[in-house]
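In: here's a sequence, model it:
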Amino acid sequence: MKPLRIAFITPFYPLKGGIARFSGLFKNALRARGYDVVPVAFQALYPEFISKGAVDGAKILDAVYSAEIPLVLYNPFSWFQAIRYIKLMKPDILLAAYWTGLLAPLYYMMRRLTGIKMVVLLHNFSSHESFFFDPFMRRLLAAFADGFLTLSNAVSQEVKAAVPETHVLPLFHPTYEPEKEIPSRRYARRELNLDEGCPVLLFFGYVRAYKGLDIILRSMPAILQKEPSLRLVVAGQFIDDHYITKRLIQQLGIGSSVDMYPGYVSSERSALLFGAADAVVLPYRHATQSGVVQLSYGYKLPVIVTPAGALPEMVRHGETGWIARDCTPEAFATAVGEFLETRKDLTAVRSAIETFRKDYSWEDFAAAAGSFLEQESFRR
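Out: A predicted model of the protein is given here:
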């Protein structure tokens, strides 16, 4: 019996960001289980002036996409060539990554013009930044999707409430392993000009309003009263002007305790930042899930999060991290204080993180997702 052929429509490397990385690892895990995965990769998602350099040019020859599929989200003319390519490949099912309503028209056309069933891999059901057309796009999504894979129970419940007649498989976000060798703590801190004995918190990844960087910044005065030597390292690409954040830091008088590295962070630089940190902070206002949590666990670092969306699903409080009581600076400062009380001996925390990593493997994720895709491809 021939293996299930899956056309996977999603960003892949060298596009930057967590979804491209997730897609590459998921593709490899499906192939390892014997599935025939045909990548249908985006060459671009947004115009350059919006995406601010969304392609990693370091290893452009390793790109997944090819000239056969010049799929560009903002260019509808490219959609038809991708649809022709899909028809030529004759997949058994379409698997489409979804995180913004801007994708809905493209996927609607692919589903209707190919006539092939489509399972939607939901990174988000609602866009993080709300747009006036979001309700329409969600209705369009419900019109073409034959099934949904979600990465959290929170998103699964949201989908079931909106489209109760559609099959949904709630899964999880697997753990990311470090792409580069982790440097020693001493070396990493020396390179980043951090004192070897001070507590270091890391805020990592794209900086958007919903991720609440201002919440951790506003909590810093209270945190520094408890631990004056603590340093917060902020590393990632700012969607808005990072000088707004710099002004807030100046107003709070915490400039000597905050180090900012705005811009894209390479895998080598990531290893240095995580190697220097004691914990990773996610003071989100709202969330579905976050690859930063799973990346932190890959580096065996605990996380400190707000109770936003599905974040608590990924944290075992007091074991793999700490969950603030709410999304305020005061509550987040208290959670950081709880972490500081146990910082001297994190042996039990690292052991709990190792157990968590085994429970959330790519192998288990691909096995469950693959079975669901098989069922949907045969379902009438």
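In: geometric centre of the protein: which residue is closest?
Out: Closest to where the C-alpha atoms of the chain average out (CA atoms, centre = their mean) is residue 291, at 3.5 Å.
In: surely residue 255 touches residue 248?
Out: No: contact criterion CB atoms under 8 Å: residue 255 and residue 248 do not qualify, at 10.5 Å. Any C-beta I mention is one placed from the backbone N, CA and C, and that applies to glycine too.
In: in terms of packing, which of the two has more residues around it?
Out: residue 248 (15 against 12; other CB atoms under 10 Å).
In: how near is the more buried one to residue 254?
Out: 9 Å (CB to CB, to the nearest Å).
In: same thing with residue 98?
Out: 38 Å.
In: before we move on, what about residue 301?
Out: Counting by CB to CB, the gap from residue 301 to residue 254 is 22 Å.
In: so the two - more neighbours on which side?
Out: residue 301 (22 against 18).
In: what's the helix or strand for the closest residue to the more buried one other than its chain neighbours?
Out: Leaving aside its chain neighbours, residue 301 sits nearest to residue 280 (5.4 Å; criterion: CB to CB, 6 or more residues apart in numbering). In this assignment (DSSP states H and E), residue 280 forms part of strand 279-282.
In: which helices and strands sit right next to the helix or strand just after that strand?
Out: With elements assigned by DSSP H and E, the helix or strand that comes after strand 279-282 is helix 291-298. If you count contacts as 3 or more CB pairs under 8 Å, 6 or more residues apart in numbering; DSSP states H and E, helix 291-298 packs onto helix 18-32, helix 267-276, strand 279-282, strand 303-305, helix 347-359.
In: how does it look with 10 Å?
Out: Under the contact criterion of 3 or more CB pairs under 10 Å, 6 or more residues apart in numbering; DSSP states H and E, helix 291-298 touches helix 18-32, strand 200-204, helix 267-276, strand 279-282, strand 303-305, strand 321-323, helix 347-359.
In: partner strands of the fifth one and their direction?
Out: Strand 303-305 pairs in its sheet with strand 279-282 (parallel), strand 321-323 (parallel), by DSSP bridges.
In: okay if I get these as TSV plus mean pLDDT?
Out: As requested, those are arranged in TSV below (pLDDT from 0 to 100):
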stretch	mean pLDDT
strand 279-282	97
strand 321-323	96
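In: highest mean neighbour count out of those strands?
Out: Highest mean neighbour count of those: strand 279-282, a mean of 26 (counted as mean count of other CB atoms under 10 Å).
In: keeping just the C-alphas, turn that one into PDB.
Out: Presented in PDB, the C-alpha positions along strand 279-282 are these (Å, rounded to 0.1, in the frame of the first residue of the first chain):
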ATOM      1  CA  ALA A 279      14.900  31.700  33.000                       C
ATOM      2  CA  VAL A 280      12.800  32.900  30.100                       C
ATOM      3  CA  VAL A 281       9.900  35.300  30.600                       C
ATOM      4  CA  LEU A 282       6.600  35.400  28.600                       C
END
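In: so, low pLDDT: which residues of the stretch 101-250 of the chain?
Out: Per-residue confidence for the stretch 101-250 of the chain (pLDDT under 70) gives these ranges: 126-133.
In: tell me where it has helices.
Out: For the stretch 101-250 of the chain, the helices defined by DSSP state H, counting those that start in this stretch occupy 104-114, 134-144, 153-162, 185-191, 213-226, 242-252.
In: indicate which one of the ones you listed is closest to residue 273.
Out: helix 185-191 (7.6 Å; CB to CB).
In: check which helices and strands that closest one is in contact with.
Out: Using 3+ CB pairs under 10 Å, 6+ apart, helix 185-191 sits against strand 200-204, helix 267-276.
In: for the nearest residue to residue 222 once chain neighbours are set aside, helix, strand, or coil?
Out: Spatial nearest neighbour of residue 222, excluding adjacent residues (CB to CB, 6+ apart): residue 333 at 4.0 Å. Of the three states, residue 333 takes helix under DSSP: H, G, I helix; E, B strand; the rest coil.
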